[in-house]
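Q: what follows is a predicted protein model with its sequence.
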Amino acid sequence: MPAEWLGRWNLDPILLLTLALAIILFLRQPHVGARERRLITAAASLALLLFVSPFCALTSAFFSARAVHHLLLTAVLPPLVVTAFPRCLHIPGGAIPWTAVHALIFWSWHVPQAYSWALSSNAAYWLMQASLLLSAAGLWSAISRTSVTNAIAALLGTMVQMGLLGALLTFASTALYAPHLIAPIAWGLSSLEDQQLAGLIMWAPGAGIYLAAAIALLARWFAREQAATLAK
């Protein structure tokens with residue numbers, strides 16, 4: 001209920017221990033400087049928001065909150081860690097194959113039956129979270145070490161599939177996700193409006209993250225090329 005969710009912190013000891021061990025592991029990597037510490041601090045703060053804070057509870061009520069959760073989990077958290085420790089997260093595989101794998105996993109978990117199953121048990125829920133995170137980590141790891149053209153192709157491909165899924169959810173005529181049919185009503189939203197909001201989140205800011213990353217890579221490449229030309 002709206003009056004209760006701010007007090008719903010997830011203090012599962014196994015989850016807290018896992019997060020603490022992950023943070024310690026990354027901070028104990030060699031050559032950890034101020035930049036790496038800042039990135040890991042940001043990643044740790046984001047992980048706490050996603051899995052410990054009341055926002056995690058909000059994702060059980062709203063499909064739109066779940067959309068934000070999945071975007072932060074796949075498009076923000078992995079690049080933070082990959083940027084901090086590119087060698088530590090050197091996951092084998094090329095950018096294009098990882099683009100396809102991540103898209104397949106992302107779309108599969110958004111099939112209504114699979115999504116309902118993921119929210120029906122702890123094991124299924126963590127399988128969803130782990131597969132989304134690991135496939136995204138593979139994608140961002142591959143992007144960080146491939147050619148500019150392949151990296152941009154992977155980012156734009158992910159942008160397109162994210163935008164397409166968002167558009168399908170936005171224009172669907174019925175609410176598709178049973179776990180979110182009732183809870184949004186207490187907040188003044190219908191389940192269809194909640195689903196449409198989720199689709200818009202994936203369609204605009206979600207796809208925009210990958211577009212912004214592609215533009216940043218292209219700008220960096222142009223800057224390097226210009227510097228090399230001037231140095232001749």
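A: Here it is on my side, so go on. Quantities reported herein were computed from a predicted structural model and do not represent experimental measurements.
Q: got the contact list for the host helix or strand of residue 131?
A: Following DSSP states H and E, one finds residue 131 within helix 122-145. Helix 122-145 is contacted from outside by 70, 73-75, 77-79, 81-83, 86, 89-91, 93-95, 97-99, 101-102, 105-106, 109, 117-119, 151, 154-155, 158, 213, using C-beta atoms under 8 Å, 6 or more residues apart in numbering. (Each C-beta comes from the backbone N, C-alpha and C, glycine too.)
Q: and if we set it to 6 Å?
A: When contacts are defined by C-beta atoms under 6 Å, 6 or more residues apart in numbering, helix 122-145 is touched by residues 73-74, 78-79, 82, 86, 89, 91, 93-95, 98, 101-102, 105, 109, 117-118, 151, 154.
Q: CA-only coordinates of the helix or strand following it in PDB, if you can.
A: As assigned by DSSP H and E, the chain's next helix or strand after helix 122-145 is helix 148-171. In PDB, the C-alpha atoms belonging to helix 148-171 read as follows (Å, rounded to 0.1, in the frame of the first residue of the first chain):
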ATOM      1  CA  VAL A 148      34.100   1.300 -32.700                       C
ATOM      2  CA  THR A 149      31.900   0.100 -35.600                       C
ATOM      3  CA  ASN A 150      31.000  -3.200 -33.800                       C
ATOM      4  CA  ALA A 151      30.400  -1.400 -30.500                       C
ATOM      5  CA  ILE A 152      28.100   1.200 -32.200                       C
ATOM      6  CA  ALA A 153      26.300  -1.600 -34.100                       C
ATOM      7  CA  ALA A 154      25.700  -3.500 -30.800                       C
ATOM      8  CA  LEU A 155      24.500  -0.400 -29.000                       C
ATOM      9  CA  LEU A 156      22.100   0.700 -31.800                       C
ATOM     10  CA  GLY A 157      20.800  -2.900 -32.100                       C
ATOM     11  CA  THR A 158      20.100  -3.000 -28.400                       C
ATOM     12  CA  MET A 159      18.400   0.400 -28.700                       C
ATOM     13  CA  VAL A 160      16.200  -0.800 -31.500                       C
ATOM     14  CA  GLN A 161      15.100  -4.000 -29.600                       C
ATOM     15  CA  MET A 162      14.500  -2.000 -26.400                       C
ATOM     16  CA  GLY A 163      12.400   0.600 -28.300                       C
ATOM     17  CA  LEU A 164      10.400  -2.100 -30.100                       C
ATOM     18  CA  LEU A 165       9.500  -3.900 -26.900                       C
ATOM     19  CA  GLY A 166       8.600  -0.500 -25.300                       C
ATOM     20  CA  ALA A 167       6.400   0.400 -28.300                       C
ATOM     21  CA  LEU A 168       4.600  -3.000 -28.200                       C
ATOM     22  CA  LEU A 169       3.800  -2.500 -24.500                       C
ATOM     23  CA  THR A 170       2.800   1.100 -24.900                       C
ATOM     24  CA  PHE A 171       0.200   0.300 -27.700                       C
END
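Q: contacts for helix 148-171?
A: Residues contacting helix 148-171 (C-beta under 6 Å, 6+ apart): 95, 99, 103, 143, 195-196, 198-200, 202-203, 206-207, 210-211, 213-214, 217, 221.
Q: of those, buried ones?
A: Buried positions within those, assessed by neighbour count (16 or more other C-beta atoms under 10 Å), are 95, 99, 103, 143, 195-196, 198-200, 202-203, 206-207, 210-211, 213-214, 217.
Q: looking at these, which are in helices?
A: Among the buried ones among the contacts of helix 148-171, the members found in helices (DSSP state H) are 95, 99, 103, 143, 195-196, 198-200, 207, 210-211, 213-214, 217.
Q: no further queries at this time; thank you.
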